[in-house]
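S.K.: A predicted structure for the sequence below; I have some questions about it.
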Amino acid sequence: MRPMKSLSMPLKAMPRPARLLALGSGLTLIALPLAAAPPELAMLSGLTKGKWELRIRGEGTRSMCVRNGPEFIQIKHADTGCSRFIVSDTPTDVTVQYTCRGNGYGRTHIRRESPKLVQIDSTGIHNGSPFDISAEARHVGAC
């Protein structure tokens, strides 16, 4: 069987306009994703910082100090070594799936009603048991 003949041309053998076009296209493809990438979890970073009251339906109320917003993602998993995958991030909603090796996983959806009020739904597995949380979090003051 004969080897296939390559149709590619060395860059130096190309005419100058074709070389510039090839190089420019490559740079555009590299730069485009960097320029178009939005900030991650922008909705959460826009929430008011400070003390929040978390009312988990059927479980009660607890307070938490919010410094940058993503604290709401892992209500059941306090682990810091969890990996996260952003499913969606819009100006009013965030959905994140996370995995905590050896301790389960979860999927959390957060809907912002205002910078001081969010609705949270989270499901998953924690310590081998399933959980399904529906909560409301409200900013109540400084930490």
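M.R.: Arrived safely. All figures in this text were calculated on a predicted structure; none of them were measured in a lab. Numbering: from 1, shown residues only.
S.K.: Show me the shaky parts of the protein.
M.R.: 1-39, 79 (pLDDT under 70).
S.K.: Helices of that one, start to end?
M.R.: 16-36, 42-45 (DSSP state H).
S.K.: what residues are up against residue 110?
M.R.: Residues near residue 110 by Cβ atoms under 8 Å, 6 or more residues apart in numbering: 43, 44, 72, 73, 93, 94, 95, 118, 119, 120. Yep, even glycine has a C-beta here, placed from its N, CA and C like the rest.
S.K.: Please name the nearest non-neighbouring residue to it.
M.R.: Distances taken as Cβ to Cβ, 6 or more residues apart in numbering put residue 94 closest to residue 110, at 4.8 Å, once the chain neighbours are dropped.
S.K.: and the closest residue to residue 59 other than its chain neighbours, how many neighbours does it have?
M.R.: In this structure, residue 59 finds its nearest non-sequential neighbour in residue 133, 7.7 Å apart by Cβ to Cβ, 6+ apart. Using other Cβ atoms under 10 Å, the number of residues around residue 133 comes to 19.
S.K.: So that it lines up with my notes, have the first residue be 832 from now on.
M.R.: OK, 832 is where the count begins now, so the last one is residue 964.
S.K.: mind checking how far stretch 909-927 is from the chain centre?
M.R.: Relative to the chain's own centre, stretch 909-927 is displaced by 4 Å; criterion: Cα atoms, centre = their mean, to the nearest Å.
S.K.: Sounds good, over and out.
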